[in-house]
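In: Pasted the sequence and its predicted model underneath.
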Amino acid sequence: MKFRYNKLKFLALLAGMSLFTQSCNDDFFDAQPDNLLNIESIFSNRSQTENYWGSLYNEIPDIWNQPYSFYYSAITDEIDASNWVDGTLNNFNSGAISSDNVPTPYVRIYRKIRQCGIFINNVDKCQELRDAENGETLIKQYKAEAKYLRAYYYWLMMKSFGPVVILPVNEEEAAGDNYQIPRSSWDECVAFIIKEMDEAAADMPDEHTDTQLGRIGKIVVEAVKSEITLFTASPLYNGNSDLANWRNPDGKQLISSTFDASKWQKAATAAKSAIDFAEKNGKSLFVKNGKDDFETAFLSTRNVYWEGYQTEGVWIRPSANRYQWETHAAPRAVTGTPYNGLALVQELVDDFRMANGQSIHQSSSYNENTYVQESTPYYVEGTNNMYVNREPRFYSSVTFNGSIIPGAAKAGMTRVEFYPSGNSGRNGAPRDWPKTGYTARKNIHPTYSLNPSVAVNRAAMLIRLSELYLNYAEALNEYQPNHPDITTYLNKVRNRAGLPNIATGLSQARMRQEIRLERRIELAFEGKRYFDVRRWKVADAEGYKQGGNFYGMDMTKGSSLSDPNFHKRVVAVRRAEWNDRFYFMPWHQMEIDRNKQLVQVPGY
């Protein structure tokens, strides 16, 4: 059996090369060996064996490679990227996605699952590795990571495609030519991957740090199990009678239509276990002190992505395409003229709270018809008052008309102007302008410049401690409302963000809304919203809608910073209305045709 490999730029971790340094060995997750080698040859040599092992990581998503390679934000109520729309994004947002045009990432992922199995079954044959110092320990850890990754890749597919086909563990021997394998049920899939992850964790250290940053340790396993159990307890998978007839040819029901409250208990237990394990290993919410509480909250929520990933990051991807994100999100007022088009929808802008924790609808000071008379470190004089006195995360996440320029400003420019003739407006820019009058600001470094290129390379946090806090608060609120830990852990996230404690005595339903809103704001653009609204089964509900009209400012009107003609809500983005078949992606029709046991998602 032979395999084709691309160029390998990552050599063995334990041979002394860092996964992530400021020189930035960016290609760890993209590593693939580059010539044709048979299995026996690969595992006869330590370097080739470790190269093969390193390549097992390369299907872990890069959440900042937006909007093209990782496009979940651009098909949710977070971002519009339709000025650069490609076929995939257009198919999702127009409702044209079908079993004939759906992306097929599972082809690559199943290939990687198979390669994990090949590694597990053959790494012991590498005598050079066995003879190395601590060789037996290395082999045990490598096999554990491969076993975890095999389970994780199933989970990665499940999040998008629902219950999947679980291949025999020793697939290259057991499956033979029999590819007529049905989906396992959701609960069967979950049981399988958690068992595999637990077995893998037994041979892992707690965490890998420094030159080993990015390798899988027990801390990652605990965090991902929190995500898995949270999803499994959620309405899409737990008591979903709408999918009661989604069954295999033999009648097996794929998603349970019977609600099981104990799944929320399991999710709460898993989240608390992950939190305790992370904190035991030194994790905490990142804090960057400023001259006052507001600036501290602003700096903490802004700088966490480049200064705080080792403090707060629980699962860290050591390489990330921050260039793709910064270049598409930064306004044209930044040196080098970035693309200026990852457009935040007004619905997300409105969900950011006021500085005192009130919503814009509760606040007596919120006003869209007047303009501020002084400048601040966040916006200039003449900015519309709708952007004034908002919570610190608003200023670290949203670029608006009148905001201070993120990144290195062009000579003579001090502010972002989104009205038509402004420095980042639509005039003279056929595609490079945001349809809503806002761009994403999160994870743009203040020194960023497109040309000359000024970049701060940094890791990506696939799971942060703040997410685990919110997982725990959510699960506990569903399983044991009014438990004091709900507000304790919710307030940890709120307080770091500069907000006061949540009000006491809230009902379970109201607390659910607050927790969901906190996830929307704290985890914006980090690949979470797409899955959250689906697992909650609320994608057509007010405040969560994933289709229809989305609003923004009027990018066709206005001629100055304080022009009221620009500051009017208009329909900026039109998408297809939500259809329940969008809760899961379909398998491509060619797979349905090949595997007669593979049942399609209802509605396709």
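Out: That came through, no problem.

In: all strands of the stretch 401-550 of the chain, in order?
Out: Assigned strands in the stretch 401-550 of the chain, in chain order: 439-440, 460-464, 549-552 (criterion: DSSP state E, counting those that start in this stretch).

In: Out of those strands, the one nearest N51 is which?
Out: The closest of the strands of the stretch 401-550 of the chain to N51 is strand 460-464. By Cβ to Cβ, the value is 22.9 Å. C-beta here means a position set from N, CA and C on the backbone, and glycine is covered the same way.

In: what are the ranges of the helices in the stretch 201-350 of the chain?
Out: 218-233, 262-280, 293-303, 309-312, 322-329, 346-351 (DSSP state H, counting those that start in this stretch).

In: likewise the stretch 51-200 of the chain?
Out: Secondary structure of the stretch 51-200 of the chain (DSSP H, counting those that start in this stretch): helices located at 87-94, 105-122, 127-131, 135-161, 171-174, 186-201.

In: Tell me the secondary structure at Y366.
Out: With DSSP: H, G, I helix; E, B strand; the rest coil as the basis, Y366 sits in coil.

In: For the strands of the stretch 401-550 of the chain, give me a markdown table that also has distance to R575 and mean neighbour count.
Out: As requested, those are arranged in a markdown table below (distance: least, Cβ to Cβ, whole Å; neighbours: other Cβ atoms under 10 Å):
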| stretch | distance to R575 | mean neighbour count |
| --- | --- | --- |
| strand 439-440 | 18 | 28 |
| strand 460-464 | 27 | 25 |
| strand 549-552 | 7 | 20 |
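
In: Tabulate those (TSV), appending mean pLDDT and distance to Y152.
Out: Listed next are the strands of the stretch 401-550 of the chain as TSV, based on pLDDT from 0 to 100; distance: least, Cβ to Cβ, whole Å:
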stretch	mean pLDDT	distance to Y152
strand 439-440	98	27
strand 460-464	98	10
strand 549-552	98	33
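
In: Of the ones you listed, which is nearest K252?
Out: So among the strands of the stretch 401-550 of the chain, strand 460-464 is nearest, using Cβ to Cβ, at 31.7 Å.

In: outside of that closest one, which residues touch it?
Out: Contact with strand 460-464 is made by 60-64, 220, 223-224, 227, 304-305, 309, 312-317, 319-320, 322, 523, 526, as judged by Cβ atoms under 8 Å, 6 or more residues apart in numbering.

In: Walk me through which strands that strand pairs with, and which way each runs.
Out: strand 313-317 (antiparallel) (DSSP bridges).

In: Run the chain-centre distance for the partner strand.
Out: Here the centre of strand 313-317 is set off from its chain's centre by 12 Å, with Cα atoms, centre = their mean, to the nearest Å.

In: same deal with stretch 507-520?
Out: Going by Cα atoms, centre = their mean, where stretch 507-520 is centred and where its chain is centred differ by 20 Å.

In: got it, and stretch 496-511?
Out: 25 Å.

In: Also stretch 466-476?
Out: On Cα atoms, centre = their mean, the centre of stretch 466-476 falls 16 Å from the chain's centre.

In: now swap in stretch 552-568 and tell me
Out: Relative to its chain's centre, stretch 552-568 lies at 32 Å (Cα atoms, centre = their mean).

In: How about residues contacting it?
Out: With contact meaning Cβ under 8 Å, 6+ apart, stretch 552-568 is reached by 343, 345-346, 368-369, 371, 380, 382-384, 386, 401-402, 415, 417-422, 425-426, 433-438, 569-570, 572-573.

In: Which members of those residues occur in helices, if any?
Out: Per DSSP state H, helices hold the following members of the contacts of stretch 552-568: Q346.

In: Let's check: the centremost residue of the chain is which one?
Out: By Cα atoms, centre = their mean, the chain has its centre lying nearest to G527, at 2.3 Å.

In: contacting residues around that one?
Out: 61, 63, 70, 72-73.

In: Likewise for E145?
Out: Contacts of E145 (Cβ under 8 Å, 6+ apart): 53, 56, 200, 204, 215-216.

In: next one: V287
Out: 296, 300, 496.

In: want to throw the residues you listed into JSON lines with pLDDT and neighbour count?
Out: Shown next, in JSON lines, are the contacts of V287 (pLDDT from 0 to 100; neighbours: other Cβ atoms under 10 Å):
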{"residue": "T296", "pLDDT": "98", "neighbour count": "17"}
{"residue": "S300", "pLDDT": "98", "neighbour count": "24"}
{"residue": "R496", "pLDDT": "98", "neighbour count": "23"}
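
In: Just name the closest of the residues you listed to S160, please.
Out: R496 (30.7 Å).

In: Could you find the closest non-adjacent residue to M413?
Out: Take M413 and drop its neighbours on the chain: the residue closest to it by Cβ to Cβ, 6 or more residues apart in numbering is A333, 4.9 Å away.

In: pretty sure the one you found contacts A409?
Out: Yes - taking Cβ atoms under 8 Å as the definition, A333 is a contact partner of A409 at 6.1 Å.

In: More neighbours: the two, which one.
Out: Neighbour comparison, A333 and A409: the larger count goes to A333, with 26 against 18 (by other Cβ atoms under 10 Å).

In: In contact with that one, which residues?
Out: Counted by Cβ under 8 Å, 6+ apart, A333 has contacts 405, 409-410, 413, 415-417, 423-424.

In: Sketch out the low-pLDDT regions of this protein for me.
Out: Counting by pLDDT under 70, the chain shows low-confidence ranges at 1-37, 171-178.

In: one more time with 50
Out: Applying pLDDT under 50 to the chain flags the ranges 1-36, 173, 175.

In: Just to confirm, which residue in it is farthest away from the center?
Out: Largest centre distance within the chain, by Cα atoms, centre = their mean: D131, 40.3 Å.

In: And that one, how close does it get to P430?
Out: Distance, D131 to P430, using Cβ to Cβ, to the nearest Å: 62 Å.

In: With E514 instead?
Out: 42 Å.

In: Who has more neighbours out of the two?
Out: The residue with more neighbours, out of E514 and P430 and counting by other Cβ under 10 Å, is E514; that gives 18 against 7.

In: Does the more buried one touch N501 like I think?
Out: No - the pair E514 / N501 is not scored as a contact, 11.3 Å apart, by Cβ under 8 Å.

In: Where neighbours are concerned, which of the contacts of A333 has the most?
Out: With neighbours taken as other Cβ under 10 Å, the top of the contacts of A333 is V416, carrying 31 neighbours.

In: give the contact list for that residue.
Out: Neighbour list for V416: 331, 333, 399-406, 422-424 [criterion: Cβ under 8 Å, 6+ apart].

In: Repeat the analysis, applying 6 Å as the threshold.
Out: 331, 333, 399, 403, 405, 424 (Cβ atoms under 6 Å, 6 or more residues apart in numbering).

In: cool, D198 as well?
Out: Under the criterion of Cβ under 6 Å, 6+ apart, D198 has no neighbours.

In: rerun that using 10 Å as the cut-off
Out: 148, 151, 218, 221, 225 (Cβ atoms under 10 Å, 6 or more residues apart in numbering).

In: Make TSV from the residues you listed and add neighbour count and distance to E279 to it.
Out: Below are those laid out as TSV (neighbours: other Cβ atoms under 10 Å; distance: Cβ to Cβ, whole Å):
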residue	neighbour count	distance to E279
Y148	27	22
A151	25	25
K218	21	14
V221	24	16
K225	24	16
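
In: and the two most separated of the residues you listed?
Out: A151 and K218 (14.1 Å).

In: tally of neighbours for A541?
Out: By other Cβ under 10 Å, 12 other residues sit near A541.

In: thinking again about what came up before, closest one to K280 among the helices of the stretch 51-200 of the chain?
Out: Going by Cβ to Cβ, the one of the helices of the stretch 51-200 of the chain nearest K280 is helix 186-201, 14.6 Å.

In: So which bits of the closest one are buried?
Out: 186-187, 189-190, 192-194, 196-197, 200-201 (16 or more other Cβ atoms under 10 Å).

In: Grab the nearest non-local neighbour of S185.
Out: Nearest in space to S185, with sequence neighbours left out and distances taken as Cβ to Cβ, 6+ apart, is L254 at 5.2 Å.
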